[in-house]
Each structure stands twice: as structure tokens, then as C-alpha cells.
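Asks: Provided below for reference: sequence and predicted model.
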Amino acid sequence: MYYFTVGSNQILICQGTESDSIKFLPNYYSGVIEWGGFGFIDSAENDVLEYCLVTETHGSDGAAIYCSSSSPIISHCTITENSADDNGGGIACISTSSPTISYCIINGNSAEGRGGGIYCGNSSSPTISYCTINGNTAGSDGGGIYCNSSNPTISDCTISENSSNNGGGGGIFCISSSPSISNCMISGNSAYSYGGGLYCSTSSSPTVEHSTINGNSANSKGGGITCYNLSNPIISRCTVSGNTASDMGGGIYCSSSSSPTIINSTVTNNNDEGIYAIDANSYPELSFCGFHNNSDGDFVGLGINPFLGVIVTVNANGDSCDAYLNIFLDPLYVDPDNGNFHLQETSPCIDAGDPDSPLDPDGTVADIGAFYFDQNYTPVISITYPAGGEVWEPGQSYTILWDDNIQENVAIELFQNMQFAEVISSNTESDGSYSWLIPVEGISGDNFRVLIYSVEDPAIFAGSEVFSIEHYTPPLIELTLSATDPLIVPRGSFFEYSATITSNLPEPEHIDIWTLALTPGATLIGPIWRINDFPILPGGTISADGIWQEVPVNAPLGVYTFGMRVGDYPDVVVAEDSFTFEVIPAVAASANAISWTGGGYETLVELAESGIAYGVDLLPKEYLVAAAYPNPFNPSTTISVSLPQAADLTVSVYNVNGQLVAELVDASLVEGTHQFTFDASNLASGLYFVRATVPGQMNQVQKVMLMR
């Protein structure tokens, strides 16, 4: 098995970049499925692993990275899917090793012993910051991090979904260790025995500040935190919530003369007791904390001060509390079910902390919990969509988007020309988006704006940029060209493309079709070919594939624009489309095209030139009701119905109440396309339904809108 070893008087510097990391993995092509990782032994302090991937290693200790009396810099690395027979599935630090580990992802690693993600032993004190340590597994203790006689500094890390399969400390395990833990999220970890989130044993007294310990579980005791055997951690400005223990202490468990100090923290919503102090020598000191909704009580056990939880006074906010200024109210987290433990503006935890503690960053008295509420913030709503210039269509749904820093619900209204037009929503969650189905009728025009404001304080509002709401009217004729992109054409050769023409005209028409090319020097060539008086039916679509165009051998090199136009040649253009192609030098001796010649459209020409015969070739292929034109209309519109064979046709019009208002036809008709006019001069504005039926063949309905 191969591995890297860096010893004394040696330096290893591996520096990738964010977009081009260095990958250390097995050589699968040589049949190697695992390797031995890195070993730093008595090495210099300036070894560097930066933007590296270290994966699929296997070893005894520190499968991916082993540090002994070494302190390398490990930054922006991904250490994943490594396994150790003993300790440290990802990283092992022993013998006074203190590496700097920052901005790393350490996940999916495993150790048969301790420290699935990171192992710290023998007075090793690494600095671990801005790391994600998740999904690691230890056969014994410390699924995420294991500390033995070591005091790492752990800050701004996410330690989640780790597990200790046959021991304690699913997230972090400490024995004779007092790490500093701050601004961390310890969540979703599990322990076979004690301390789902954090286990402190044998005189371990870590300092835990500004951190959340939530959603962890222990198969025995201490779902969130276990303090055992003379361990006295300081827990300040933390949130311990939603943890579970199968036996005792869903939030915190204290045993064997362990007396944590807990201040300015919340212990809430834990399954089982909030705090369980099993023996009289374990007496947690609790002050300026918030307790709420712990399933089996807030405090239980022989070590609990009997005066805890006895309401005898009020705090500075006027809320009822015990003699130690602990409160027992709903903390009003923003969204605890989804892990958001920030405080709402009306939370009783605001300014309810110890006034002698350092002030919150906004200069006010300490709040209770991991996150303070910024009382100096300016509430803001900012609409990001519509952004201005959009054209929205009645009957369609659009998502209004905005950013805000408020917690209360909002109202959304529509204004036109600065005048109120419509309530979009009178009360909806301020989650940044709202889907609005625009009514089919009653709203159209320009100069619309969306207004969003707080339902509790309408002075907090924002207006969007101006947009329009208009009924969509399709173009009379639609033309689409398709070609290879990019299209490279050698001189003297040819290229192919396809064309699709669709008619939205109310009756049969004759159109001209022609093509042109624009040279790199802006010279217009054309028409290259032209079809005159081409017949097209209402709702008809003509598609032609494999149309070809030659490029002469003397054509200037460069980028050309090739286009097709439909209309009344040469001045009336109803529809056009184009694409670009690049002419390069000839690549074959057979390249002999001498002019701008096109082909592949001859069948269309034959149809156009065959006179009355085209009427047979262009008979409808299916029963079809074409889109009414115009729509919306005032006071009349034309409906076209295509019959592939003679049939009994009925075309009727109904109002929104289902009442028959007009019968346009009820007769036997020959094959072909037939037009009928719906005259609504004597009818009210609104929505109507046109129904066309042929017994056993067709039953089609379309909507038309009369707008006066």
C-alpha cells in the first residue's frame, strides 16, 4: 500500500485552487482500490494541504491524514470516505500535534475505534474552524470529534449526522479534555450510550458558547449533552433543543459529581427531561436561562436545586421567573422545526439575559439563546420580480419574488398608475415568494406595480418597477429556422437547415417566401430563392427539412447571417428568422459551388405552381378548431374549423353560465377549412366558450374574450 510520509526537515506543500483542486485517490486503472493517506511525523509547521481531495484511504490511525508531533495547515480540503482500523477515520492528531484545519469538509469517514471524523490525543490541540464534519462513524466514542487529554479550539463548524456505534459522544467526545467550542451547530448526531451531541467525561470542562445543540439522540442518557465524572462545562448563550434520550436527560444529563454552569441559554422542546442531575453531588448552576416544553419536566434529579423553577419574581422585562432569573415561556424561535433558532421580535428571551454579561453586538443586554435579536436593524422589503418591463398575460400564473428581513406576514397589492387596482393577497407568509394567478378579465394595460407591505406595520413597504398586463395575441405568421450551431461551412460546399411556417391567419392566404444572406462586409445577397403566392390555410403548419444552400468558392471568409422572410415580396415582411454561419477556406478539391444556389424546397414550389391542385394536397389531415382571431375581440371574431372529410358540423357559443348565446352552424359540410363569424354586438363583455362538434369525431372547446 502506498502513502505519503513527511518527516523532520521535510516540507510538503500541496496547493490547489477552488476551481482546480488536487485529488489524492487510488489508482483504479492499476487495480489499486485504497491507499495509505498522508503521514506527518515530527514535520515542520509550514506543511500545507490546500484545496485537496483526500479519499478512499485505509490505515491504522488517521486513515487520511496522520499527525504526530506535527502541525500542518489543512485548508479548503475535502476528506471523505476514508477508514481507520483504530482511531481517526479522517484525521488523527497525537503527541502534541496542533494542525490548523479550516474550511474543510470531513464526511463519510469511519474508525473502528474512536474519532470517526477527527481524533485528538496526547495533548494535541488543533484549531478547527469553518468546517463541516458530518456523516462520520466511530465504532466506539466520538463519531464526529474525539478528544483525549487534548484541548482543541472548535469554532464556526457544523457537526452533524455523526454516530458512535458502541459508545458515547455522537458529535463530540471529551475525556480529560476542555476544548473551546463557539458558534457551532451540533445537530442530528447519535450515540449508542451517552451524549448524543456532546459527551464530557473525567474532569472535562469545555466552554461552549453561541452554539446550538439540537436534534441529537442518545440510546441511554443525555440526548444533547452528558456531563460525567467531575466534568463541569460552561454553557453560555447556547440553544439546547429537540434532543432525545431513551433513558434520562433529553437535553442535559449530569452524573458523578458533575456541575455544569449554564447561563443565558435556552433548554427547550427536548424529549425526556430538560436537565437531569441524577446524584446529589451533581448540581448544575442555572441562571438567566429559558426552559419550555421539555416533555418530562425542566429539572429532575437529586442534584437539582429545589428553588429552581419556583416563580417568585419578575425579570427586567416584567416576565415571571424564579429566583435565578430563569423564565419558562415559549422562546418564539423563528422556525425551530427547520433548525432556525433565531428569535422573533416579540420573544421573551430578548434582553432577558445576565445584565453583567458582555452586551450583544447591538449594544443591548444579553439575549437568551444562541442567537441575539438585532434591535438596531432597519426592516426592509425589496421586490426582485417583477423587475420592470415584463409583460404578463391574464389567465397565467406568475411568481412574485422579494427579499426582506421582517418576520411578520405581508400583504401584496396591485396598483396601476399609482392607483389601487387589486388585492393579490391580504395576508401571506413573508417567505420571499408568492404565486399569483392573474384573473382572465378585468386587469390589463400598462404602468402596473406590485406593492408589498407588513400587515403589522404598513409603513414597512416596497413597490416594484413598472410592468404591463396584456392579453397575448399571436403573430399572424410564425417562422422558425433551425441549423447546426455553430455552423462552419467551407467555401464551395453547402449547408442544410429546416424551416417551419405556421399560420394564425383567420382565412386562407397566399404568401411569398424568400431567402437572403448578409456577408461579413454587410452586403445583402438575395433573394437567393423565392416562392411566390404560396397558399397557406388557417392554423396550418408547413415544415421542410433538408433545405440546402450552396456557398460559392469565391465567397469572402467570415461570419454570415442567413435569413428567411415571409410576406408580400419585397416590401411587406410579416415574419422572419435567421441564423449565423462561418465561411472557412475550402477543405476538398471537389468544392466547386460557384453561386448562391439553394434547393430542397422544390415540393413547395410545385404546390404553389400547381394552381387549383394545391387545394387537394393541402386538405386538412385532422379535425381541428383553429385559434379564434382576433381574441380578445370587439365585437366579432372568426372561428376556423378544419374537416378532413365531409361531416355534420355544429358550432355553438355559450356564456359562463352555460347558456347558449349563438349557433354559428349546424349543417353537413364538405371537407376543407370553414370560417364562421361570431358577432357579439348585443352581448355583454366577458368570457365565452365556442364548442365545435362532429359526431364520433370531434368535440373541441375554446375560450374567447369579448372586451369593449
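Replies: Thanks, I have the structure now. Numbers count the residues shown, from 1 in each chain.

Asks: contacts and neighbour counts: CA atoms only from here.
Replies: Noted.

Asks: OK, contacts around Gly558?
Replies: Thr519, Pro520, Glu582, Val583, Ile584 (CA atoms under 8 Å, 6 or more residues apart in numbering).

Asks: endpoints of stretch 140-159, how far apart?
Replies: When the termini of stretch 140-159 are compared using CA to CA, to the nearest Å, they are 18 Å apart.

Asks: show residues contacting stretch 76-91.
Replies: Here stretch 76-91 makes contact (CA under 8 Å, 6+ apart) with 49-67, 102-119, 136, 138.

Asks: can you pull the buried residues of it?
Replies: 76-91 (16 or more other CA atoms under 10 Å).

Asks: now swap in stretch 678-686 and tell me
Replies: By 16+ other CA under 10 Å, the buried positions in stretch 678-686 come out as Phe678, Ala680, Ser685, Gly686.

Asks: and the gap between the nearest residue to Tyr283 once chain neighbours are set aside and Tyr253?
Replies: Leaving aside its sequence neighbours, Tyr283 sits nearest to Gly303 (CA to CA, 6 or more residues apart in numbering; 4.5 Å). According to CA to CA, Gly303 and Tyr253 sit 11 Å apart.

Asks: and for these two, which residues touch both?
Replies: Shared contacts of Gly303 and Tyr253, defined by CA under 8 Å, 6+ apart, comprise Ala277, Ile278.

Asks: more neighbours, these two?
Replies: Under the criterion of other CA atoms under 10 Å, the comparison of Gly303 against Tyr253 puts Tyr253 first, with 31 against 21.

Asks: which residues does that one contact?
Replies: Here Tyr253 is in contact with Lys221, Gly222, Gly223, Ile225, Thr226, Cys227, Ile275, Tyr276, Ala277, Ile278 (criterion: CA under 8 Å, 6+ apart).

Asks: partners of the helix or strand hosting the fifth one in the sheet?
Replies: Following DSSP states H and E, one finds Thr226 within strand 225-228. Paired strands of strand 225-228, with direction, are strand 198-201 (parallel), strand 252-255 (parallel) (DSSP bridges).

Asks: immediately after the strand ranked longest in the chain, which helix or strand?
Replies: Among the elements of the chain assigned as strand by DSSP state E, the one spanning the most residues is strand 572-584. Using DSSP H and E, the helix or strand that follows strand 572-584 in sequence is strand 598-599.

Asks: packing partners of that following strand?
Replies: Contacts defined by 3 or more CA pairs under 8 Å, 6 or more residues apart in numbering; DSSP states H and E place strand 598-599 against strand 541-550.

Asks: show me what the strand it packs on is packed against.
Replies: Using 3+ CA pairs under 8 Å, 6+ apart, the elements in contact with strand 541-550 are strand 494-503, strand 598-599.

Asks: what residues of it count as buried?
Replies: Those would be Gln549, Glu550, for strand 541-550 by 16+ other CA under 10 Å.

Asks: which residues touch that strand?
Replies: Residues outside strand 541-550 that contact it (CA under 8 Å, 6+ apart) are 492-503, 593, 595-601.

Asks: how many degrees apart are that strand and strand 494-503 in direction?
Replies: Interaxial angle of strand 541-550 relative to strand 494-503 (axes from the mean of the first three to the mean of the last three CA atoms, to 10 degrees): 160 degrees.

Asks: thinking again about what came up before, doesn't Ala277 make contact with the residue nearest to Tyr283?
Replies: Yes. Gly303 lies in contact with Ala277 (CA atoms under 8 Å); the separation is 4.9 Å.

Asks: which neighbours do those two have in common?
Replies: Tyr283, Pro284.

Asks: run the chain-centre distance for the strand holding Thr226.
Replies: Relative to the chain's own centre, strand 225-228 is displaced by 38 Å; criterion: CA atoms, centre = their mean, to the nearest Å.

Asks: what's the following helix or strand after that strand?
Replies: Reading on from strand 225-228 to the C-terminus, the next helix or strand found by DSSP H and E is strand 234-236.

Asks: touching, Ser382 and Asp404? I think so.
Replies: Yes. Counting by CA under 8 Å, Ser382 touches Asp404, with 6.2 Å between them.

Asks: on that earlier part again, from the buried residues of stretch 76-91, which land in helices?
Replies: The members of these all map outside helices under DSSP state H.

Asks: just the ones of these in strands?
Replies: Per DSSP E, the buried residues of stretch 76-91 map to strands at Thr78, Ile79, Thr80, Ser83, Ala84, Ile91.

Asks: what's the farthest-apart pair in the residues you listed?
Replies: Using CA to CA, those span at most 16.8 Å, a distance reached by Thr78 and Ala84.

Asks: just to revisit the earlier point, just the buried members of the contacts of strand 541-550?
Replies: 492-499, 501-503, 593, 596, 598, 600-601.

Asks: what's the domain layout of the protein?
Replies: The chain resolves into domains spanning 4-141+149-166, 381-469, 477-617, 624-706 when parsed by automatic domain parsing.

Asks: most packed of those domains?
Replies: Across these, averaging neighbours per residue (mean count of other CA atoms under 10 Å) puts domain 4-141+149-166 on top, at a mean of 23.

Asks: how distant is it from the center of its chain?
Replies: Its chain's C-alpha centre and that of domain 4-141+149-166 lie 30 Å apart, by CA atoms, centre = their mean.

Asks: before we move on, what about stretch 124-144?
Replies: Distance of stretch 124-144 from the chain centroid (CA atoms, centre = their mean) equals 28 Å.

Asks: cool, stretch 569-581 as well?
Replies: How far stretch 569-581 lies from its chain's middle: 41 Å, per CA atoms, centre = their mean.

Asks: mind checking how far the closest residue to Ser640 other than its chain neighbours is from Asp279?
Replies: With sequence-adjacent residues excluded and distances taken as CA to CA, 6+ apart, Ser640 is closest to Gln675, at 4.4 Å. Separation of Gln675 from Asp279 (CA to CA): 93 Å.
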